[in-house]
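Peer 1: Output the structure for:
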Amino acid sequence: MPTITKSTCCYCGVGCGVLIESEGDRVIGIQGDPAHPANFGRLCSKGLSLPLTVASDVGRALYPEIRLDRHSPRRQVDWESALETVAQRFADIARLHGPDAVAFYVSGQLLTEDYYVFNKLAKGLIGTNNIDTNSRLCMSSAVTAYKMAFGADAPPGCYEDVEHAKTVLFAGSNMAYAHPVLFRRLEAAREKNPDIKWIVIDPRRTDTAAMADLHLAIEPGTDVALFNGMLHHLIWEARIDTGFIDRSTDGFAAVKNLVREYTPRIAAEICGITEKDLIQAAEWFAASPASLSLYCMGLNQSSHGTDKNIALINLHLATGQIGRPGAGPFSLTGQPNAMGGREVGGMATMLAAHREISNPGHRAEVEALWDVEQLSDKPGLPAVAMFDAILEGKVKAVWIVCTNPVHSMPDAEKIRQALQHAEFVVVQEAFMQTDTMPFADVVLPASSWAEKTGTVTNSERRISLVRQAISPPGDAKPDWWIANNVARRMQAQLQPDLPDLFPFTSPESIFNEHRKLTIGRDLDIGGLSYAVLDKQGPQQWPFKAGQETGQARRYVDGLFHTDNRRAQFHITKYQAVAEVTNARFPFHLITGRLRDQWHGMSRSGRVAKAFSHEPQPALTMHPKDAERRGFKADQLVTISNKQAKMTLPLRLSDEVKSGTVFAAMHWNGQYLNSGGINEVIAGKVDHRSFQPELKHAAVRIEAAELPWRMMAARRGDILNMQSRVQPLLRECAYASITIESDVLILHAADLVPPSGWLERVFDVLDFSVGPDTLEYRDEQRNIAKRATWTNGRLAGFVFSGDIKSADFALNHVRQNMPWQGSRLAIFSRQTSGQQTDRTVCQCMQVKGSRIENAIAQGATLTQLKVTLGCGSVCGSCLPEIKQMFTKLNVA
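Peer 2: Numbering: from 1, shown residues only. Next up is the predicted model:
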């Protein structure tokens, strides 16, 4: 009988509960946990595929590795050698150059207990606040705005609010893709009550926007002007809640004076929308008995992200839309434990339990609780500044944990240069195939999902217990264990006279110390324990001693966490994006997510079917823009600006406005010849939150004149093949890897084939010459083709210089059927040029053409679920299927 272990999903911030089915040290299945209040048994396509991410040890970090110098390969060592090396090097550098010469860059995917040990190691033992997290890239603007307006990093609402809201405003969030399980609850609420209004603010017509009652397709970066214009209308039309403003807020007069100049007409012109639509959005928001705003990276990842958040919060305060069911500004967390990391103070600008570095009283409290002499009062280096300091030589050593900054940070080339310049780089990671791993002097292999125990906090302040279901492979260890064992060795060198700062023997012992630091704070969890979580299930904070449950909503009494208990209005002036378009760089480039992939794909990229919905990287452009430039669908184009340039295939769609192009954030150097779209993103940051503007760049788009083309496909062990092919990608002007089931597909283009490159492709994909391999060469025309069969089935091909028959060959590799007729046809047969049939439903692998044919024959959505199975499992494909009904003019 399989063992069932209750745990959580490790993807987005919804924090879904899961039931892991395992046999021994093998995960054999997964279900949503019906008892978990975040998802009630639902999972999305990513969550349902989690067992596949730990199905193979290929590509996992299994053993510690060390290299003695930058010119030598790393070698496998035992844990004692690795721990001693890291402790010694960090201690030596801190003694020689000072504590601020070392830094830690951690992750919102760590468990709270992992975060706690790293934070205590940096701030309590070494004496530096140089610990920051990739949460800086996703949540810091929202956090800064909450603190400015409400006095604390305490999201006011809960997930139940999506079922109580009568107007829902989505801002900078394609929730259908990024938080699909919570989005299902919104869809269900609207099905019960069709009068619920959805307003979506997004420059692109996403799946979320396509379902809106009102889509405000604003110009990129104009959110502040929009919110100020809406507030102007509400003030001058007497649609505000003066009673709430008088009782519970300060600063309204200054904001009123500011927005005086943002008339709906002027604001609409700035935003590129109609005045009528702006007023309609304002009216729906104010008139609703419960208005809920849901927002994410489109607001946060901006050089003015804090202002965008504040301007939206101002709308809520002016209308009293906060502190009751269905109302409030709700920031959707991007990672599973970004909030848990902030709770323990795991950022460069804060201390444990929402305390401030700049507050002497707060420092004294932590000093007493940790039993250390003095904490540094110098703010640490946020993410962008941290890597700048590494490049400048101010930071000598960096420990990177569970994140991939070479891909995820802006100005990726600068990050590579910084890590090359660093004296000592430690990478603590579960997966070897990341763009950051080549820079590691020491690799510390970490446990992955299902292999560790601890807690996480989701977007609604709900703490869940993560339980280990299987043992980690090889010699991988939990993150807290690694940090704790290095810390103990470092304390013996740096602070031997202090009491043992790291006595932890289990995640629970860490949680218990963390809990003590929260008592009396806004996130007080004095009444929470592993035993309570085990018995009662996930709980929201605050959960004080003596309480039986947590608090669903904050500020229901109109009292806030500011010094005078009143919420604070703040003035927000519209400022343009950091990179303004001009004649040289005329396009707005915006970035976002795919439905079935996540972040840098080190985990989701291990799942072949995750590629089926969007199999290749692409740049999306409006058809009219393409027509004016003579571009065709699928041709290669070069995206360039002052930062860098990269090449991608072109996708044409009117989902983007003319003058705007879109690229997904996920693709990186494991799948492309470049590091991904962040190559062309500048490192401009918000001056208060220090969050970079990852959502926008001004770029030029030109045709990529690359006459030589190559395409290959090979059936086999995908993860092994990818690791062998990946080093070849950067030799070409364009190259990409994609995956379909057990088939790896390689595309490449250049002026001419790189010298010796084709022979290396033959070698790494195992196209050795033999009786089951055919080859064709035309040296004069620079054409080379090779195909191989296994058991009478086409197993793979490489076509170089002439790829007209590649689609025909690829179909046969996909189908894995016995070959009929002459094998020579592989080199000449062409398909009719039909468009690639996208997989719409990942769970049931249903193609778009089958769905469209069924709709054309009169099938309803309910019938599609029964006959084809699409939409019947996780539901992530439902927004796209509903759009198909609309496009085919079927009600």
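Peer 1: can we go C-alpha only for contacts and neighbour counts from here?
Peer 2: Will do.
Peer 1: From residue 398, how far off is the residue nearest to residue 383 when sequence neighbours are not counted?
Peer 2: Spatial nearest neighbour of residue 383, excluding adjacent residues (Cα to Cα, 6 or more residues apart in numbering): residue 132 at 6.0 Å. As judged by Cα to Cα, to the nearest Å, residue 132 and residue 398 stand 11 Å apart.
Peer 1: same question, residue 528
Peer 2: Counting by Cα to Cα - residue 528 and residue 398 are separated by 34 Å.
Peer 1: Next, the contact list for residue 366, please.
Peer 2: By Cα atoms under 8 Å, 6 or more residues apart in numbering, residue 366 lies in contact with 351-352, 517.
Peer 1: Same list, the residues you listed, but as a markdown table with secondary structure, pLDDT and neighbour count please.
Peer 2: Shown next, in a markdown table, are the contacts of residue 366 (DSSP: H, G, I helix; E, B strand; the rest coil; pLDDT from 0 to 100; neighbours: other Cα atoms under 10 Å):
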| residue | secondary structure | pLDDT | neighbour count |
| --- | --- | --- | --- |
| 351 | strand | 98 | 25 |
| 352 | helix | 98 | 25 |
| 517 | helix | 98 | 23 |
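Peer 1: In the chain, where's the longest helix?
Peer 2: In the chain, assigned by DSSP state H, the helix with the most residues is helix 79-97.
Peer 1: Which strands or helices does that helix pack on?
Peer 2: With contacts taken as 3 or more Cα pairs under 8 Å, 6 or more residues apart in numbering; DSSP states H and E, helix 79-97 sits against strand 102-106, strand 442-445, helix 479-494.
Peer 1: low-scoring stretches of this protein, by residue?
Peer 2: 831-836, 890-891 (pLDDT under 70).
Peer 1: what about residue 846, how many neighbours?
Peer 2: Neighbour count of residue 846, defined by other Cα atoms under 10 Å: 20.
Peer 1: That one contacts residue 839, doesn't it?
Peer 2: Yes. Judged on Cα atoms under 8 Å, residue 846 makes contact with residue 839 at a distance of 5.7 Å.
Peer 1: With adjacent residues omitted, what lies nearest to the residue most central in space within the chain?
Peer 2: Closest to where the C-alpha atoms of the chain average out (Cα atoms, centre = their mean) is residue 599, at 3.9 Å. Leaving aside its sequence neighbours, residue 599 sits nearest to residue 666 (Cα to Cα, 6+ apart; 5.3 Å).
Peer 1: My guess is the one you found contacts residue 595. True?
Peer 2: No. At 10.7 Å, residue 666 does not count as touching residue 595 under the criterion of Cα under 8 Å.
Peer 1: List just the nearest of the contacts of residue 366 to residue 44.
Peer 2: residue 352 (33.0 Å; Cα to Cα).
Peer 1: Leaving out chain neighbours, which residue sits closest to the closest one?
Peer 2: residue 345 (3.9 Å).
Peer 1: Contacts only, for that neighbour.
Peer 2: Counted by Cα under 8 Å, 6+ apart, residue 345 has contacts 116, 119, 351-355.
Peer 1: Put together TSV for the residues you listed, with secondary structure and distance to residue 604 on each row.
Peer 2: Formatted as TSV, the contacts of residue 345 follow (DSSP: H, G, I helix; E, B strand; the rest coil; distance: Cα to Cα, whole Å):
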residue	secondary structure	distance to residue 604
116	helix	27
119	helix	28
351	strand	33
352	helix	32
353	helix	32
354	helix	32
355	strand	35
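Peer 1: which one of these sits closest to residue 716?
Peer 2: Among those, residue 116 lies closest to residue 716 (Cα to Cα), at 42.0 Å.
Peer 1: I'd like the domain boundaries of the protein, if you could list them.
Peer 2: Following automatic domain parsing, one gets these domains for the chain: 3-53, 65-136+338-540, 140-331, 587-703, 708-827, 839-887.
Peer 1: Out of those domains, which gets nearest to residue 569?
Peer 2: domain 140-331 (4.8 Å).
Peer 1: First-to-last residue distance for that closest one?
Peer 2: Terminal-residue distance, domain 140-331 (Cα to Cα): 11 Å.
Peer 1: ok now do residue 620, which residues does it touch?
Peer 2: Per Cα under 8 Å, 6+ apart, neighbours of residue 620: 650-653, 656, 661-663.
Peer 1: Next: residue 103.
Peer 2: Residue 103 touches 122, 128, 130-131, 386, 395, 397-399, counting by Cα under 8 Å, 6+ apart.
Peer 1: Which of these fall within helices?
Peer 2: residue 386.
Peer 1: So which of the contacts of residue 103 are in strands?
Peer 2: Counted as lying in strands by DSSP state E, out of the contacts of residue 103, are 131, 397-399.
Peer 1: and those as JSON lines, adding neighbour count and distance to residue 424?
Peer 2: Output for those, formatted as JSON lines (neighbours: other Cα atoms under 10 Å; distance: Cα to Cα, whole Å):
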{"residue": "131", "neighbour count": "30", "distance to residue 424": "16"}
{"residue": "397", "neighbour count": "25", "distance to residue 424": "5"}
{"residue": "398", "neighbour count": "25", "distance to residue 424": "7"}
{"residue": "399", "neighbour count": "19", "distance to residue 424": "8"}
